[in-house]
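K.L.:
Starting from these lines, generate the structure:
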Amino acid sequence: MDTDEKRAVLIGMHRSGTAAVAGAAHLLGAEAPKHMIPAATDNPSGCVEAITVLGVNDWIPRAGDSTWFDCLNFDPNSLPPRLRSTGRALVNFSLIGAFENASLLLLADPRLFLLLDYWLALLQETNIIPAARLVLRDPDEVIASLMRREQCPAAFWVRYMIAAEHATRGRPRSFIRYDASLDDWRNCMARVAEQAAIEWRVSFDMVAPQMRQFLDRGLRHHRSVAASPSPPGSLAALLTEAYRTLLVIAEHDGDAQRRRGGHGCGRQRDNPALC
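P.N.:
Below is the predicted model:
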């Protein structure tokens, strides 16, 4: 990686294991924002989400008479030109305030992929190369966590994941299975670096003890259980189909990378595209 190049690791989607992936990237040298959301009982390991970024990503949906948790019909590009310009200016101010002269930014916020057009435009203008990390977790687990914490409807997960996949299509990205990040973080973070042309600034061996403590399976509060097939056309069936489709897309992305000469991430697994 050219040392003069600036890059940003983009991570989003509530309660999917994104805090674990973002925290791992931070331990390996990605630069966290200045002012972050503090740790809480529902996330004792803490967050690396910038307060300023969160505020802007809250403001933009509200400008369109929506909210981050009630956004099924929200189109961020449908805002009037004046509000879109204001939104882009706020994105700029929040990025500068959070990161200043950072060269490897860790940009994590659940609303990020819903509003990615705003952020990608700014990153391009400031010559920051983005690379998206889409964390895949069983939707039953995500929804259970969302319902407990935010009382969000099940359709919320579908909205955000479809937005994330669509917004990052054709752009540098990789999919990471939450389970795999806990089982073999070295393999996953090596592939993240390879696909994004990132050189982690801290060696794996140096942070191995902290990583084992940070990626503690005991902090996982929700686990899916095998259930009988859902009736066709039901919301549960839709969630299952959406998740399976994302797994297929992730595998396709991995195949495309290998055809371009990528080598995966170290040891090959049953599904190397889905570290």
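K.L.:
Just the buried positions in the helix or strand harbouring Asp253, please.
P.N.:
Of the helices and strands defined by DSSP states H and E, Asp253 is found in helix 235-259. Applying a neighbour-count criterion of 16 or more other CB atoms under 10 Å, one finds 236, 238-240, 242-243, 246-247, 249-250, 253-254, 257 buried in helix 235-259. For every residue, glycine as well, the C-beta is placed using N, CA and C.
K.L.:
Repeat that for stretch 166-176.
P.N.:
Burial within stretch 166-176, assessed by neighbour count using 16+ other CB under 10 Å, is assigned to Ala167, Thr168, Arg173, Ser174, Phe175, Ile176.
K.L.:
Okay, now the unreliable bits of the stretch 1-150 of the chain?
P.N.:
Residue ranges of the stretch 1-150 of the chain with pLDDT under 70: 1-4, 13-15, 39-47, 146-150.
K.L.:
all helices of it, in order?
P.N.:
Counting by DSSP state H, counting those that start in this stretch, residue ranges of the helices within the stretch 1-150 of the chain are 18-27, 51-63, 81-99, 116-125, 139-150.
K.L.:
In the chain, which strand is the longest?
P.N.:
For the chain, the longest strand by residue count, based on DSSP state E, is strand 128-136.
K.L.:
Just checking: what are the partner strands of it?
P.N.:
In the sheet containing strand 128-136, the strands it pairs with under DSSP bridges are strand 6-11 (parallel), strand 173-177 (parallel).
K.L.:
Which among the helices of the stretch 1-150 of the chain is found nearest to Glu194?
P.N.:
For Glu194, the closest of the helices of the stretch 1-150 of the chain is helix 18-27, at 13.8 Å, according to CB to CB.
K.L.:
what's the closest one in contact with?
P.N.:
9, 11-12, 32, 43, 45-49, 106, 108, 110, 133, 135, 176, 178, 181-182, 185, 188-189, 192, 202, 207, 210-211, 214-215 (CB atoms under 8 Å, 6 or more residues apart in numbering).
K.L.:
ok, of the residues you listed, which come out buried?
P.N.:
Buried subset of the contacts of helix 18-27 (neighbour count, 16+ other CB under 10 Å): 9, 11-12, 32, 46-49, 106, 108, 110, 133, 135, 176, 178, 181-182, 185, 188-189, 192, 207, 211, 214-215.
K.L.:
ok so, going back, any idea which of the buried residues of stretch 166-176 is closest to Leu120?
P.N.:
Nearest to Leu120 among the buried residues of stretch 166-176 is Ala167, at 7.9 Å by CB to CB.
K.L.:
Pull out the buried residues from the helix or strand containing the closest one.
P.N.:
Secondary-structure element containing Ala167, defined by DSSP H and E: helix 155-168. Using 16+ other CB under 10 Å as the test for burial, helix 155-168 gives Phe156, Trp157, Val158, Arg159, Tyr160, Met161, Ala163, Ala164, Glu165, Ala167, Thr168.
K.L.:
what's the span of stretch 195-210, first residue to last?
P.N.:
End-to-end distance of stretch 195-210: 24 Å, with CA to CA, to the nearest Å as the criterion.
K.L.:
Only the buried residues of that stretch, if you could.
P.N.:
Across stretch 195-210, burial judged by 16+ other CB under 10 Å covers Gln195, Ala196, Ile198, Trp200, Val207.
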